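Peer 1: kindly return the folded structure for what I paste below:
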Amino acid sequence: MQTVVLAAGVGSRMWPLTDSRPKPMLPVAGKPLVAHTVDAAVEAGATELVLVVGYEADDVRSFFGDEYAGVSVEYAVQEEQLGTADAVRSALELLDGGSFAVLNGDALYDVPSLSELYDGGPAVGSFEVDDPTSYGVLKTDESGNVTGVVEKPSDPPSNLINAGAYVFPEDAHSWLLDVESSERGELELTDVLSQTCEHYEVRPIAFDRWLDVGRPWELLEANAWKLEDQEARVDGDVSEDVELNGAVVVEEGATVRSGVVVDGPVLIQSGATVGPNAYVRGSTVVGPDAKVGHAVEVKNSIFMEGATVGHLSYVGDSVLGRDVNFGAGTKVANLRHDGANVKLTVKEERVDTGRRKLGVVVGDGAKTGINSSLNAGVVLSPEATVRPGESVTRDR
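Peer 2: Predicted coordinates:
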């Protein structure tokens, strides 16, 4: 089945990590987020891929090329971010006119459920949550078919939320051209879903596992999910006295020095260096050319390309962007003393992350001086600096 993957958005809720690359290209377990979406689609039955690109489109093109996992890839450009229906509309000329699937490129789907979606349409992916008031909620009839969707209702008609995975019928090609702007000024794909529900029986496919990766802490959740599938492998240079426990992967070109203990799942990518005398524990990715130095402890974190924590430091439940450099003795707090959930700034608002443990989110090129401390939930902008000995309790 032809599959349209939406990968054009800026990802403003992921800032500062998306300051210079699109959200779908943020790393999750050693590959771009959208690559996990595409992998699932191919395994589920996608026969052709159309990637809708926009912001930093060349990053997406250079990764996928003209063929990925044996499936042809074409690209549609969404010139302006006018909504999800506009994104799919930009891909219409590349579709053959029959039924087609649409997937959000910033979501993770379990393959068996996605395969069921592909088995026959029209259909929409659903996921059951305790509190659906922050999502698009599916309405169903007595037969269980979907009759529509309600956005962020105060009185939800069900606990089934829209998982952003669809199989649309041939008629959707013309319906996409008729979509008008919503109250928030966007062309919404859910309008096409509503049209489909009026003319067809639409199956709700309950996903066993699904994750919308829209905010930095959800990148950590995605990383943990995808590292679960990892099997231990050592292709790099590992000193004899290193202790590797569980699902630890050391890629070719990576170096793990004397005295290091690694408790998986942990991925140490090509060019990365760990140690001497460091402790790295799951679920952590030490990205390409990143460095975890002497007497550094890292837990449940993502180090992007070239990120360096050189000496005598602790980093927990954190995301470090490209070429971040933490000075010796930098410590990251990841737990509030009052036991409350950590809050993080998303689009200039402090948001409850639902996590008791969350460290920091650090933009590309930021640097800390020696013996500095970063409070739980702090966000550092790209190229931000922290003075030696400074305690940072506010974003900068």
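Peer 1: next one: the residue nearest the centre of the chain from residue 368, what distance?
Peer 2: The structure's the chain has its C-alpha centroid closest to residue 213; by CA atoms, centre = their mean the separation is 4.1 Å. Distance of residue 213 to residue 368, given as CB to CB, to the nearest Å: 27 Å. All C-beta spots, glycine's among them, are computed from the backbone N, C-alpha and C.
Peer 1: residue 68 pairs with what?
Peer 2: Residue 68 forms beta bridges with residue 71, as assigned by DSSP bridges.
Peer 1: report the contact partners of the closest residue to residue 199 other than its chain neighbours.
Peer 2: Distance criterion CB to CB, 6 or more residues apart in numbering; nearest residue to residue 199, sequence neighbours excluded, is residue 171 at 6.6 Å. Contacts for residue 171 (CB atoms under 8 Å, 6 or more residues apart in numbering) come out as 195-196, 199.
Peer 1: among these, which lie within helices?
Peer 2: Per DSSP state H, helices hold the following members of the contacts of residue 171: 195-196, 199.
Peer 1: name the member of the residues you listed with the most neighbours.
Peer 2: residue 196 (24 neighbours; other CB atoms under 10 Å).
Peer 1: in the stretch 101-250 of the chain, which spans are helices?
Peer 2: 111-118, 172-177, 189-199, 216-227 (DSSP state H, counting those that start in this stretch).
Peer 1: could I get these as TSV with mean pLDDT and distance to residue 99?
Peer 2: Shown next, in TSV, are the helices of the stretch 101-250 of the chain (pLDDT from 0 to 100; distance: least, CB to CB, whole Å):
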stretch	mean pLDDT	distance to residue 99
helix 111-118	97	10
helix 172-177	93	8
helix 189-199	93	11
helix 216-227	98	29
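Peer 1: could I get these as TSV with distance to residue 46?
Peer 2: Listed next are the helices of the stretch 101-250 of the chain as TSV, based on distance: least, CB to CB, whole Å:
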stretch	distance to residue 46
helix 111-118	8
helix 172-177	17
helix 189-199	18
helix 216-227	19
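Peer 1: report the inter-axis angle for the longest strand along the chain versus helix 111-118.
Peer 2: Longest strand in the chain by number of residues (criterion: DSSP state E): strand 160-168. With axes from the mean of the first three to the mean of the last three CA atoms, to 10 degrees defining the directions, strand 160-168 sits at 50 degrees from helix 111-118.
Peer 1: list the buried residues in strand 160-168.
Peer 2: Going by neighbour count (16 or more other CB atoms under 10 Å), the buried part of strand 160-168 is 160-168.
Peer 1: from residue 35, how far off is the closest residue to residue 59 other than its chain neighbours?
Peer 2: Once flanking residues are discounted, residue 59 sits nearest to residue 25: 4.8 Å by CB to CB, 6+ apart. Distance, residue 25 to residue 35, using CB to CB: 9 Å.
Peer 1: what of residue 154?
Peer 2: Taking CB to CB, one finds residue 154 at 37 Å from residue 35.
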